[in-house]
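# Output the structure for:
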Amino acid sequence: MRRLGEVVLAEMQFTDTFEIKQRPAVVLFEEYGNIVVAGITSNTDMKGIPLSKKEGAIKESVIKLNYIFTVSEKMIKKSLFSLSAEKKKVVVTEIVKKLQARS
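Next comes the predicted model:
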């Protein structure tokens, strides 16, 4: 079972093409075999939650909460590391802020 804050390497489709690549993503939750994740990018100019090498990232990165999608277990190639409890709280808080801003 995948848990909130687990960083995985997953096959993901790009939003602007049909191309699929392996990319890191952070697990938000899993339900009925569907794993909801947020993409991670090393493009630190993008908006999102910073993720540092010290926290486990291969390079300085950003968790993109505007890039959320569902993958199956088959699309996850491996688990990379887990976010700290503090970083998980930041992720949840920022998602809730985005949802409340839309209502």
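# show me the contacts for the closest residue to Phe29 other than its chain neighbours.
Take Phe29 and drop its neighbours on the chain: the residue closest to it by CB to CB, 6 or more residues apart in numbering is Val36, 5.4 Å away. For glycine as for every other residue, the C-beta is placed from the backbone atoms N, C-alpha and C. Val36 is in contact with 27-30, 68-70, counting by CB atoms under 8 Å, 6 or more residues apart in numbering.
# Next, Val36: secondary structure please.
The three-state assignment at Val36 reads strand, by DSSP: H, G, I helix; E, B strand; the rest coil.
# Neighbour count, distance to Ile20 and pLDDT added to the contacts of Val36, as a markdown table?
As requested, those are exported to a markdown table (neighbours: other CB atoms under 10 Å; distance: CB to CB, whole Å; pLDDT from 0 to 100):
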| residue | neighbour count | distance to Ile20 | pLDDT |
| --- | --- | --- | --- |
| Val27 | 23 | 19 | 98 |
| Leu28 | 21 | 20 | 98 |
| Phe29 | 11 | 22 | 97 |
| Glu30 | 18 | 20 | 95 |
| Ile68 | 15 | 17 | 92 |
| Phe69 | 14 | 12 | 90 |
| Thr70 | 12 | 14 | 93 |
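# Strands of the chain, residue ranges please.
For the chain, the strands identified by DSSP state E occupy 6-13, 20-31, 34-41, 49-51, 61-72, 76-82, in order along the chain.
# looking at those strands, which is closest to Gln100?
With distances scored as CB to CB, the stretch of these nearest to Gln100 is strand 61-72 (13.2 Å).
# For stretch 76-85, which outside residues touch it?
For stretch 76-85, the surrounding residues in contact (CB under 8 Å, 6+ apart) are 2-3, 5-11, 22, 24, 26, 35, 51, 55-56, 91.
# And the pLDDT at Lys21?
Per-residue confidence at Lys21 stands at 87 (pLDDT).
# where does this protein dip in pLDDT?
Across the chain, residues meeting the criterion (pLDDT under 70) sit at 15, 102-103.
# rerun at 80
Within the chain, the ranges that satisfy pLDDT under 80 run 13-18, 102-103.
# Fine by me, we can end here.
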